[in-house]
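> From the sequence below, what's the structure:
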Amino acid sequence: MRIRKDYKRIRVYRVFRIVAMSLGFFWQIWRHHKKEQRRGRALPDAAWNSLWRSQARTLRQTALDLEGMLIKLGQFLSARADLMPKPFIEELEQLQDRISPVPFPEIKKQLIASYGSNLSSYFASIDETPLAAASLGQVHRAVLPTGEQVAVKIQRPGIEKMIYADLTATKLVVWIAGRFRAVRARVDLMAIYEEVARTTLEELDYYTEASHLTEFRRNFEGRPRIKIPAVYTELTRPRVLVMEYVEGVKISDVSFMSAHGLQPADVAKRYVQSFLYQVMVDGFFHADPHPGNVLLQTNGDLVILDFGMMGRIDQRNREGLRDFLRAIVEEDARKMLVSLRAMDVLVFPDADAETLFQSLSGLMSPYFTNHLLDNINDEVIQQILRTLQAFVYEQPVQLPYHLTFLGRAAGLIAGVATELDSRTPFLRIMQPFLVSAGREQARESAAGSARTGAAHSEFDLLHDLGQLTDLLSVDRIVAIIRLLWRLASPFRQLPHSLLGVAERLASGHFRVEHVRDTIHAHTFHRLINRVAWLCGAGFFSVQGWFALAAGRTLLAGIGAVASLAFLAAAVKNTKDTDDVFKRERQSRR
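Numbers count the residues shown, from 1 in each chain. Have a look, this model is predicted:
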């Protein structure tokens with residue numbers, strides 16, 4: 001057994017195991033495709049699903065055997081609904097980053113390498129039995145010479161070399177897969193590999209995790225009932241992280257709540273709210289909020305742990321996410337699709353917007369027509385997540401890295417919250433984070449915490465600039481466009497051939513001689529151009545009216561000037577069109 005464990009650390013052995021496993025997967029997929037070619041029709045879904053489950057099971061077992069980066073890779077693939085089939089994901093979701101701990105003598109060697117042989121000058125005592133063990137490190141309780149209790153996270157000896165070997169093997173597999181045209185057309189595997197490599201190597205540097213912890217703790221200052229451990233910066237090393245030791249039990253421990261008079265519904269609400277603050281306000285979220293990383297104290301406070309796997313979502317993507325969630329609540333599939341594009345979802349060149357809309361609309365129609373969103377619970381949330389997973393897998397789209405782990409984390413949050421309280425009011429909890437006042441919540445959160453003056457200035461600037469974006473909100477713009485669309489309905493009923501003529505006229509690629517009735521072409525050209533310019537003038541007129549009603553005279557003035565500019569352009573365009581047709585008639589004579 002000892003020899004087998006030593007083999008795991010040998011670079012050639014690890015690379016061989018990973019590459020051989022992957023080539024076996026490729027061979028199995030190729031055989032299934034060959035069977036389809038011989039049969040002249042597709043294999044039953046059951047055959048493919050059986051293959052995906054078998055491969056995922058093999059990957060999970062290999063990851064638990066080799067440890068190292070394969071566990072992280074398995075967790076990553078379980079979140080990539082846009083890449084992997086549903087049976088594959090379901091099997092990998094069982095992969096937990098909890099493995100057998102390293103014996104303490106080896107851990108002590110790592111501590112000596114970081115602090116020197118005189119450990120007693122740093123720690124009065126260290127418990128030899130770990131509190132938790134994961135693929136990259138394990139946590140031990142210790143006491144400082146001052147008497148303070150701390151939690152010490154220590155990197156597993158030799159893990160860095162194992163990670164680099166795994167990255168070498170994975171890059172080779174990605175290169176082989178990229179030789180297939182079908183794979184290249186479906187996904188940018190090298191970009192995904194580079195992102196996985198970057199985040200994994202970041203997790204190896206405990207200075208980075210210490211920085212994450214400090215930032216996360218600063219974000220939650222001023223928010224009651226949520227505790228983030230303090231980091232001991234002076235004791236932290238690249239392979240050792242020293243944090244405040246905090247007592248607590250897993251958030252899923254209902255018997256503990258009952259014994260201490262805690263209400264599961266209150267705990268569930270606070271759990272969901274903490275995640276919404278991370279995503280919608282801070283833009284910096286915990287990507288692995290399972291019960292082992294969220295503790296509950298006797299007074300009902302929550303403690304969040306383990307900041308190696310984190311995600312970021314910038315302001316523009318947060319607004320896109322907010323619009324996406326609003327679109328689900330408003331049962332608007334088209335707006336959902338627009339919001340996905342705003343969140344940097346990669347749509348491949350062969351994607352057709354109308355096809356994407358029809359697909360998404362069809363998948364979401366059961367929730368919209370049956371009004372399941374009126375009584376949303378974990379079951380509905382999980383159904384929606386599975387529906388969206390099916391959409392991104394079936395369509396030519398690829399999710400950005402931050403959204404994959406955001407979806408996974410949201411699923412964990414919803415599952416644990418419903419386990420605590422099956423009637424968790426998700427919509428009511430989310431509502432304050434979906435309204436336009438979300439920016440003001442961010443400002444208040446920033447003002448209430450001990451942020452730097454630069455941070456205050458940034459939020460003030462966003463608030464000042466945000467007046468215009470408030471006025472030009474997505475909901476209001478969509479409403480105006482819908483109104484103009486209805487007003488233009490008579491023109492939409494024109495024959496398709498006549499619309500083709502209009503498009504060619506507008507683009508300048510259609511000569512007037514090709515239209516037999518010059519008078520009709522003249523009239524139609526004037527009509528189309530006038531409608532286009534008047535729509536622009538009407539849009540800014542309505543915006544100016546809203547600004548004036550809100551007492552914002554400057555913005556109202558801007559709207560008025562823009563409206564007049566569009567009107568002037570309409571008049572000039574009409575005159576130019578008349579001149580063109582006048583010269584045409586003269587040349588015909």
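
> hey, let's count contacts and neighbours off CA atoms from now on
OK.

> low-confidence ranges in the stretch 51-200 of the chain?
In the prediction, the stretch 51-200 of the chain carries residues with pLDDT under 70 at positions 81-82, 96-98, 185-186.

> what about the closest residue to residue 245 other than its chain neighbours, which SS state?
With sequence-adjacent residues excluded and distances taken as Cα to Cα, 6 or more residues apart in numbering, residue 245 is closest to residue 150, at 4.3 Å. State at residue 150, reduced to three classes by DSSP: H, G, I helix; E, B strand; the rest coil: strand.

> same thing with residue 295?
Going by three-state DSSP: residue 295 is strand.

> pLDDT at it, what is it?
Reported pLDDT at residue 295 in the predicted model: 95.

> do the same with residue 495
44.

> Next, give phi and psi for residue 238.
phi -50, psi -30 (degrees, to the nearest 10).

> no no, residue 35
Main-chain dihedrals, residue 35, degrees, to the nearest 10: phi -60, psi -40.

> what about residue 303, how many residues close to it?
Neighbour count for residue 303, taken as other Cα atoms under 10 Å: 21.

> and it, what are its bridge partners?
Beta bridges link residue 303 to residue 227, residue 295, judged by DSSP bridges.

> My guess is it contacts residue 226. True?
Yes. The criterion here is Cα atoms under 8 Å, and residue 303 meets it with residue 226 at 6.0 Å.

> Run through the strands of this protein in chain order.
Here the chain has its strands, by DSSP state E, at 125-126, 132-133, 137-143, 149-155, 226-227, 240-244, 249-250, 284-286, 294-296, 302-304, 310-312, 346-347, 397-398.

> Looking at those strands, spot the one closest to residue 18.
Evaluated over the strands of the chain, closeness to residue 18 peaks at strand 137-143, with 21.8 Å, by Cα to Cα.

> Okay, now the sheet partners of the closest one, with direction.
Applying DSSP bridges, one finds strand 137-143 paired with strand 125-126 (antiparallel), strand 132-133 (antiparallel), strand 149-155 (antiparallel).

> Need the winner for burial among those strands.
Comparing those by mean neighbour count (mean count of other Cα atoms under 10 Å), strand 149-155 comes out on top with a mean of 23.

> any idea of the angle it forms with strand 240-244?
On the basis of axes from the mean of the first three to the mean of the last three Cα atoms, to 10 degrees, strand 149-155 is oriented at 160 degrees to strand 240-244.

> Return strand 149-155 as PDB; C-alpha atoms alone will do.
The C-alpha atoms that make up strand 149-155 are tabulated as PDB, following Å, rounded to 0.1, in the frame of the first residue of the first chain:
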ATOM      1  CA  GLN A 149      -6.600  29.100  19.600                       C
ATOM      2  CA  VAL A 150      -6.100  29.100  15.900                       C
ATOM      3  CA  ALA A 151      -6.900  26.900  12.900                       C
ATOM      4  CA  VAL A 152      -3.800  26.100  10.800                       C
ATOM      5  CA  LYS A 153      -4.300  25.000   7.200                       C
ATOM      6  CA  ILE A 154      -1.200  23.100   6.000                       C
ATOM      7  CA  GLN A 155      -0.600  22.200   2.400                       C
END
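
> about what we covered before: distance to residue 258 added to the strands paired with strand 137-143, as TSV?
Formatted as TSV, the strands paired with strand 137-143 follow (distance: least, Cα to Cα, whole Å):
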stretch	distance to residue 258
strand 125-126	33
strand 132-133	25
strand 149-155	28
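
> closest one to residue 112 among the ones you listed?
Relative to residue 112, the nearest member of those by Cα to Cα is strand 149-155, separated by 11.3 Å.

> can you count the residues close to residue 129?
Neighbours around residue 129, by other Cα under 10 Å: 13.

> How about residue 52?
23.

> Next up, the contacts around the residue nearest to it when sequence neighbours are not counted.
In space, not counting the residues next to it along the chain, residue 52 is nearest to residue 88; the distance is 5.0 Å by Cα to Cα, 6+ apart. Residues near residue 88 by Cα atoms under 8 Å, 6 or more residues apart in numbering: 49, 52, 53, 55, 56, 78.

> Which positions within stretch 424-438 qualify as buried?
Buried positions in stretch 424-438, judged by neighbour count with 16 or more other Cα atoms under 10 Å: 424, 425, 426, 427, 430, 433, 434, 438.

> Oops, could you answer that again for stretch 41-56 instead?
Quick answer for stretch 41-56 (16+ other Cα under 10 Å): 48, 51, 52, 53, 54, 55, 56.

> Same check on stretch 326-337?
For stretch 326-337, burial by neighbour count (16+ other Cα under 10 Å) applies to 326, 327, 328, 331, 332, 333, 334, 335, 336, 337.

> Let me know the closest of these to residue 212.
Closest approach to residue 212 among the buried residues of stretch 326-337 (Cα to Cα): residue 326, at 29.9 Å.

> Distance of the residue lying closest to the closest one once chain neighbours are set aside relative to residue 124?
In this structure, residue 326 finds its nearest non-sequential neighbour in residue 434, 6.6 Å apart by Cα to Cα, 6+ apart. Relative to residue 124, residue 434 is positioned 50 Å away (Cα to Cα, to the nearest Å).

> Also residue 47?
Between residue 47 and residue 124 the computed distance is 59 Å (Cα to Cα).

> Residue 419 too?
41 Å.

> What of residue 387?
54 Å.

> Residue 31: neighbouring residues, count only.
Neighbour count for residue 31, taken as other Cα under 10 Å: 11.

> can you pull the pLDDT of the closest residue to residue 361 other than its chain neighbours?
Closest residue in space to residue 361, ignoring its immediate chain neighbours: residue 333 at 5.3 Å, by Cα to Cα, 6+ apart. pLDDT, residue 333: 79.

> if you skip the residues just before and after it, what's nearest to residue 210?
Going by Cα to Cα, 6+ apart, residue 210 has residue 231 as its nearest residue, at 6.5 Å.

> what's the average pLDDT for stretch 425-433?
83.

> now swap in stretch 218-235 and tell me
For stretch 218-235, mean pLDDT is 94.

> Endpoint to endpoint, that stretch covers what distance?
Using Cα to Cα, first and last residues of stretch 218-235 are 20 Å apart.

> Kindly report the same for stretch 73-89.
Note: stretch 73-89 ends 12 Å apart using Cα to Cα.

> for stretch 224-239, same thing?
The first-to-last residue distance of stretch 224-239 comes to 32 Å (Cα to Cα).

> Same question for stretch 177-191.
Distance between the two ends of stretch 177-191: 13 Å, counting by Cα to Cα.

> and it, which residues are buried?
Across stretch 177-191, burial judged by 16+ other Cα under 10 Å covers 177, 178, 186, 187, 189.
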